[in-house]
Every structure is written in C-alpha cells, then in structure tokens.
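>>> 3D model of this:
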Amino acid sequence: MNNNTSEVIKPSFAPVTNMEILNDEKSTGDVLTNGMGLKGQRFSPLSQINKDTVKDLVPVWNFSFGGEKQRGQESQPIVKDGVMYVSASYSRVFAINIANGEELWQYDAKLPDAILPCCDVINRGVAIYDNVVIFGTLDAKLVALDRKTGKVVWKKKVANYKDGYSITAAPIIVKDMVITGVAGGEFGIVGKVEARNAKTGEVIWTRPTVEGHMGYLNGKENGITGGEAGRTWPGDLWKSGGAATWLGGTYDPETNLLFFGTGNPAPWNSHLRPGDNLYSSSRLAINPETGKIVWHFQTTPHDGWDFDGVNELVSFDYKDASGKTVKAAGTADRNGFFYVLNRENGKFITANPFVSNITWATGIGKDGRPLYTADGRPGNPNGESKGKSVFSVPSFLGGKNWMPISFSQKTNMFYVPSNEWGMDIWNQPVSYKKGAAYLGAGFTIKPIFEDHIGSLKAIEPLTGKIKWNYKNPAPLWGGILSTAGGLVFAGTPEGKFLAFDDESGDILYKFNVGSGIVSSPITWEQNGEQYVAIVSGWGGAVPLWGGEVAKKIKNINQGGTVHVFKLHK
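Have a look, this model is predicted:
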C-alpha cells in the first residue's frame, strides 16, 4: 500500500474515555469493547457494506502473529484512531497500523512452564482505556500496556496459576474500573469477579461466585456470597466449588448491572454434591459499585453434564402485548436452551431449545427450572470404578460454547453459532487435590447428524422459532457480527469467512482465509470506508476434547493471522 494512505491515517493515541466506551455500540469509527458495545450485541449500524455491495469485498492486508506459537486464535480485535490492538495465543498482544498492516509493537507475556489452561492456550481479547491496553494471561495475571509503546504500565496477580487458575477472557471497562473473571473450573478453583482501578491495577472489590465465600470492597469484608456456606452444597465441597467466570461479562448502563456467567460446579460427578450448588451454572447480575449480587438465575441446577452457565447475557428490549417496553436479556446456554430473562430483576420470561434431540431435560418449567429426564443423568459409581454411562445431548462442549451470539437491531433476531452433538458420559470416584484435574467423569463426544455438526441459526428470541439454519460440516467455534447493511458475518473451521443475508440465510460472500476461524468479526469506518476484520487460526477446545469429532477435523490447518477487508473501489 502506498505511503500516501499511511500519511492520511497517522496513528493517534488520545486517551480513551468512559463516555467513548459507553457509546461504543453507536459509534462507527472505532471498536472499543469486546462485544462491539458493553451490552454485547455485536451489531453495527454501518451499511456501506450491504446485501448489494458485499460481493465487492476484497482483502486490504494480512498480519501474521508469526513464530510457531500458533494454536487457537479466539481474539476479537479492538480499533482506535488508526491502530488495531489484538491478542494472540500464549498471552501475546500486538498493535498494528491499520493504514498498512505494519506492526507497531508486540508484547509477549513470560509464561511459566506449569500453566494449567483447560482448553488451549487462547486469549479472547484486550480492553482499552485511557492510555493503556489491558489483558489477562494464562498464568492468571492482568497486564496493562502503554498503547503507544507496548511497555508494561502495571501488572497484577489475580490468582495462583499453580492452583489451576488462568485468564483467557477479554476484560471489560466500566466506570474507570477494569473488571475480569477467572478460568479453572476443571481444577476445583473458586470462581470470582474482580474490579480494579484501571489506571493502577489496585483491587476495588472482589466477589466470589460460590456460596459461602467472603466478598471484599476496598479491603473490607463485604458479605458472604449466598449469605452462608452449606445451603446448597454438602459438607465442605463449596470450598472447591468451581463456578469459574471464564468468559468475562457484559454491562447494561440502563440498569447499571454487570452480567457474568458462571461455569460448572466441581467435580463433574454430581452424586458427590446433592443440591443446587449455587452459584454454579448461573447468570449473575452484579452492582458495579459494590460487587454485590443483585439477582441470579441458574440455568442448570445440580449440573451433572458440565453445562457451564458462562455464556454471555445480551441486553435487548421488546414490547409486550400491552405495548410496554420490557428490558430483557437473551442467552444461548450450553444446555441447549435459549433463555430470555428480565434483566432488571432476573425473572424468567421464556426458554426454548435451539439444538436438536436434547436428552437431559424434557423442557423448562414455568419457574425457569429444567424438567429433568428421569434417566438423563450419568449414574452414581457407588464405590465402583465407573457408574452407568448415558448418551446425552448436547455434549459437554454445549449447544453453544464460548462463541458469541449477535442481536440485530434491524431484524430483532439473535444469530446463534451452535453445534449438534452428544456424548457418552459416565461418573467416576474423585477427590480434590489442589492444582490437579477434578472431574470425576469420563466422556466421548459424537456427532448426531451425518452431514453437519455446526449450525448457525437465526432465532426469534420470544418464540424460539428458527428463521433459518446454515449447516456446517465442522463444529462452529467463532463469533457472529450482524449489521444494518442486512448482513451476518461468521467464520468456519474450514477457513471460510462468510456473509449471510440476515433475513434468508443465503450466503452472499465467501472468502477462504487459509486457516480455521474460531474468532469474532468486527467492522468499523475509517476515512469514509467501511472495514471488516477477522482473526484466523484453528484451535480451542474442540481438537483437545472432541473425541470422535476431533478425528473428523484433524486435518484443519492451524494459523495465526489478522485479515482486513473493504469494498473494492
């Protein structure tokens, strides 16, 4: 690209304000949040690239993360003033000049050999605020980097990686605070949400997500989560209860609530822990000033299938029969049901299946609790080496896993990347040992259809009606972007970057990027032109945990590249 272009867009490093971050979903000249807005709708009001023009989309530049550190690339880039900030596998961050695709700086976290990531060495993105870029590392630290130089401004330990903790999620910025969760549910850690001063890294509040643990605000005790220990957990199991907050959260300015999901209870063997096991497999609404839980909704009480409740809760509004606006939120759960909740109070509105052949429950009751299938839970080992195996749908990797959904303000539909698969699952005896895997279960994942596993669905949230369904041979593991131009962008593990008609599901554009896509697309406007970007690089949980499914996709190419597109002039 000629030098004139790079002179037009000289990188600028003006401080990023709270107001800019709050306005991210409406502003088009940048992408300042993971989710393209704190609500996580992943919808853009841009329409220069639309159903008519998308056929003219062409690559502008590619950027390689380089080296042999490939593996899964699940990052969503951030864009500000001519610079893209993007994280990569092994806790790396890059700053790229958007004018020409040239690297401005690179930061590599010095990771210890003994890190314990559950599901690949991925990182899902950075947060940007003031003069810093903040991200979490696989050894459970938060690092703030100078936006201009990539030098460390502050670095803080969030938890001990030797106990099984790590961080893979993108932090979010709310009210001058950087807010993050932790990963490590397979190691019997205790999940938490933590808020820190974004300029200094000092802790403001911490809120454990397992009943019985004390929260803190400004260094002082701030109430036990759930009021006391042992209400919904037997014995001392709450002390290693899991409920990791590994996907990060969203924020709704209208209700002033943070929404964080929590992972599976530990161990997986549910016969060891009768009860609801709060607050595992739940969505939590948290007051950002105090760190207090305002309400909770548990999607899978007494989870015995690893149906983490971490999946993002996306705020949206609709009008009820009387014409009154309902402040709602939608979430596609690992357990295979799409839920709509009242985001003001957590009240259940509706839930419908979004994947086929669900076995563990026959539906969701009027109170929002599952109607469990009588024989749907893997059996109690009862002192034997292995309990009775069951075939369960969906598999523990979920009807939807981490990959973000999109809500279109144009169609009022959710676009959900889902997978159709089941698992043989059985329970085993297990005891807790700090830093060791704490499952108490075995499993084998299997496809349930011959022709596809991945399934991108357009869903009406209140009825659960599936308007269209794109079937993909390999599992879908990347996020979705919808736009006012009538497009839905997504990538596949086969390396196809696709644009769909938001109403019909027709494929209007495809480009093969050369390695599998397991990340989330973004779009923004610069110098009057609309750009689209996607990161490619196959990996994540599927090749590591996928059983029979992993054999089917063993030939997919790894990689590590940012791809940027715009319309051909």
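
>>> Doesn't residue 239 belong to a helix?
Yes: Residue 239 sits within a helix when classified using DSSP: H, G, I helix; E, B strand; the rest coil.

>>> let's have the chain start at 59 instead
New numbering, starting at 59: the last item is residue 297.

>>> Please report how far it lies from residue 493.
Look at residue 297 and residue 493: by Cβ to Cβ, to the nearest Å, they are 15 Å apart. (C-beta placed from N, C-alpha, C; glycine too.)

>>> was I right about residue 426 contacting residue 355?
Yes: taking contacts as Cβ atoms under 8 Å, residue 426 lies within contact range of residue 355: 6.6 Å.

>>> These two: which is more packed in?
Shown here are residue 426 and residue 355; by other Cβ atoms under 10 Å, residue 355 has more neighbours (23 against 19).

>>> shared neighbours of residue 426 and residue 355, which are they?
With contacts defined as Cβ atoms under 8 Å, 6 or more residues apart in numbering, the residues shared by residue 426 and residue 355 are 397, 406.

>>> Residue 361 is in contact with residue 323, correct?
Yes: counting by Cβ under 8 Å, residue 323 does reach residue 361; the two are 5.7 Å apart.

>>> who has more neighbours, these two?
Per other Cβ under 10 Å, whichever of residue 323 and residue 361 has more neighbours is residue 323, with 34 against 30.

>>> State the phi and psi torsions of the more buried one.
Backbone torsions for residue 323, taken as degrees, to the nearest 10, come to phi -70, psi 150.

>>> Got the confidence number for it?
In this model, residue 323 is scored at 97, pLDDT.

>>> so what's it up against?
Residues in contact with residue 323, defined by Cβ under 8 Å, 6+ apart, are 299-301, 331, 335, 338-339, 360-361.

>>> If we only consider those, which is nearest to residue 245?
Nearest to residue 245 out of those is residue 300 (Cβ to Cβ; 8.5 Å).

>>> Counting neighbours, what do you get for that closest one?
Counted with other Cβ under 10 Å, the neighbours of residue 300 add up to 32.

>>> pretty sure residue 154 is in contact with residue 160, am I right?
Yes: assessed by Cβ under 8 Å, residue 154 is found in contact with residue 160 at 7.0 Å.

>>> returning to that earlier point: name the residue in residue 297 and residue 493 with the higher neighbour count.
Remark: of residue 297 and residue 493, residue 493 carries more neighbours, 17 against 14, as counted by other Cβ under 10 Å.

>>> what about stretch 282-291, start to end distance?
From its first residue to its last, stretch 282-291 covers 15 Å (Cα to Cα, to the nearest Å).

>>> err, stretch 569-587, not the other one
For stretch 569-587, the first and last residues are 20 Å from each other (Cα to Cα).

>>> same question, stretch 277-292
End-to-end distance of stretch 277-292: 30 Å, with Cα to Cα as the criterion.

>>> ok, and for that stretch, which residues are buried?
Going by neighbour count (16 or more other Cβ atoms under 10 Å), the buried part of stretch 277-292 is 280, 283-284, 287, 290-291.

>>> so of those residues, which ones are in helices?
Assigned to helices by DSSP state H, none of the buried residues of stretch 277-292 qualify.

>>> circling back: which one's more surrounded, residue 154 and residue 160?
Counted by other Cβ under 10 Å, residue 154 and residue 160 do not tie: residue 154 has more neighbours, with 25 against 12.

>>> Let me know the pLDDT of the residue nearest to the more buried one when sequence neighbours are not counted.
In space, and not counting its chain neighbours, residue 154 is closest to residue 142: 4.5 Å by Cβ to Cβ, 6 or more residues apart in numbering. With respect to pLDDT, residue 142 has a value of 98.
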